[in-house]
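K.L.:
no sequence on this one, just coordinates:
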């Protein structure tokens, strides 16, 4: 008797289970739904977690969903974009790696929204009250200090414009800062912002100059920070600079690590400086009033953070060089071997408008792979800082690898050139161009030196 005849009844049972499971998937989801879903009980909690971080007053999205009336007005659109998984935007593949704040709707949640809309988008017999956090101009919490930068007026037809902006600050005493969060009022126009803090010795700086000012750079290659802005101390010395204290890319939200991780001390007199803030092309006349939210803590700094940048302007070469010919789809790789054990907190992939896909992983000395992030469909408008739920150890000797695809064809709706033309990093200006119409390939890793037990350290703020 062959093996099939011996176990035929077992095979038949397994086959029936597989068929029933596959054919009844939608039915099981549908059977779990309430008969008459309402906004207050079923829909509002989904929107608050996944949509309100952007769709709220002063949020990054163009309209608010912070009330039943606003949601009902757009109910059919919400049903459509959630069913197609266009919204909420979460570029990272949840089947590859997981991060804090993932906004990925389950099949049940999507089916629930569909049923609610099909039944008339009923509010229910009670009101739903959103938490206060959802209504603030911050995705962390109510800021302890808000620093406004000088306004920037954009006119219709303006192309790439770059600014250096400074805001002087004076507080009663030295404080620890746990997080900084840059918030533009016109997120659709701000392509990126890179900021520093300047710390002045007590008594060495009288903040007598205009406390808020800016200069416009002629190109993306900015002049030295201290030229023309009067940032030197009164005695002629230069203040201590905390480099890259805060950064912004489209879709980025602030990060506050727990237990003093990444915290730092500031002096009584300090300055927040936009070393460069880039405004992209504008199709209307508008004024941006960007602010920097500051969050203080009484917890002393416990772990210093460092940044590792691969690719453009970073520590590793791009192979082949980042030149994307017209009417071509190209693939490029960059890799870097680390020399000591590190604990990774946050990763940030960065491409421009020709980006198609992104993959990053680490290969340990024994050949095992550590998944970092995979983005199957690159979206220029959503370039998050992705923070792991637990610190992620990468051992010494591991090679970090990033692979990116670029689509320079007419089929790419984001292609800035029609017809397509060859695009590169444009090293002719002395560095890689930051213009959105040129290209970049970066993978930025925020890490700290590894300590035993880091694998169990949660990065979620309680």
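P.N.:
Yep, that arrived. None of the values given here were measured: they were computed from a predicted structure.
K.L.:
now the strands for the stretch 1-150 of the chain?
P.N.:
145-148 (DSSP state E, counting those that start in this stretch).
K.L.:
show me where pLDDT drops low in it?
P.N.:
Residue ranges of the stretch 1-150 of the chain with pLDDT under 70: 1-31, 58, 131-136.
K.L.:
Could you pull out the helices in it for me?
P.N.:
Taking DSSP state H, counting those that start in this stretch as the test, the helices found in the stretch 1-150 of the chain are 3-6, 8-23, 25-31, 44-50, 68-73, 75-83, 107-118.
K.L.:
what's the fourth one in contact with?
P.N.:
So the one you mean is helix 44-50. Residues outside helix 44-50 that contact it (CB atoms under 8 Å, 6 or more residues apart in numbering): 55, 65, 68, 71, 88, 103, 105, 109, 112-113, 128, 130-131, 134. C-beta coordinates here come from the backbone N, C-alpha and C atoms, glycine included.
K.L.:
Domains in this protein, by residue range?
P.N.:
Using automatic domain parsing, the domain ranges for the chain come out as 32-135, 145-297, 306-456.
K.L.:
related to what we said a few turns ago, please tabulate the contacts of helix 44-50 in TSV and include distance to residue 445 as additional columns.
P.N.:
Formatted as TSV, the contacts of helix 44-50 follow (distance: CB to CB, whole Å):
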residue	distance to residue 445
55	30
65	34
68	42
71	38
88	25
103	22
105	29
109	32
112	37
113	36
128	39
130	35
131	32
134	30
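K.L.:
Can you give me the first-to-last residue distance of stretch 439-453?
P.N.:
End-to-end distance for stretch 439-453: 39 Å, by CA to CA, to the nearest Å.
K.L.:
what does stretch 143-161 give?
P.N.:
Taking CA to CA, stretch 143-161 runs 29 Å from one end to the other.
K.L.:
List the buried residues of it.
P.N.:
The neighbour-count check on stretch 143-161 (16 or more other CB atoms under 10 Å) flags 143, 147, 149-150, 152, 154, 158, 160-161 as buried.
K.L.:
And stretch 94-101, by the same measure?
P.N.:
By neighbour count with 16+ other CB under 10 Å, stretch 94-101 contains the buried residues 97, 99, 101.
K.L.:
Looking at those, spot the one nearest residue 177.
P.N.:
residue 101 (21.2 Å; CB to CB).
K.L.:
quick one: that closest one and residue 328, what's the gap?
P.N.:
36 Å (CB to CB, to the nearest Å).
K.L.:
For stretch 281-289, list every residue counted as buried.
P.N.:
Applying 16+ other CB under 10 Å to stretch 281-289 flags 281-282, 286, 288 as buried.
K.L.:
farthest-separated two in those?
P.N.:
281 and 288 (13.8 Å).
K.L.:
residues in contact with the closest residue to residue 382 other than its chain neighbours?
P.N.:
In space, not counting the residues next to it along the chain, residue 382 is nearest to residue 251; the distance is 3.9 Å by CB to CB, 6 or more residues apart in numbering. Shown in contact with residue 251 (CB under 8 Å, 6+ apart): 60, 89, 187, 381-384.
K.L.:
where's the most centrally placed residue in the chain relative to residue 444, distance?
P.N.:
Centroid-nearest residue in the chain, with CA atoms, centre = their mean: residue 384, separated by 1.5 Å. With distances taken as CB to CB, residue 384 is found 12 Å from residue 444.
K.L.:
just to revisit the earlier point, would you single out the least confident of the domains of the chain?
P.N.:
Comparing mean pLDDT across the domains of the chain, the lowest value falls on domain 145-297: a mean of 84.
K.L.:
For the residue nearest to the centre of the chain, what is the enclosing helix or strand?
P.N.:
For residue 384, there is no enclosing helix or strand under DSSP states H and E.
K.L.:
Could you pull up the residues touching it?
P.N.:
Residues counted as contacts of residue 384 (CB under 8 Å, 6+ apart) are 91-92, 251-253, 348.
K.L.:
hang on, the earlier thing: ok, of the contacts of helix 44-50, which come out buried?
P.N.:
When the contacts of helix 44-50 are checked for burial by 16+ other CB under 10 Å, the buried set is 55, 65, 68, 71, 88, 103, 105, 109, 112-113, 128, 130, 134.
K.L.:
No further queries at this time; thank you.
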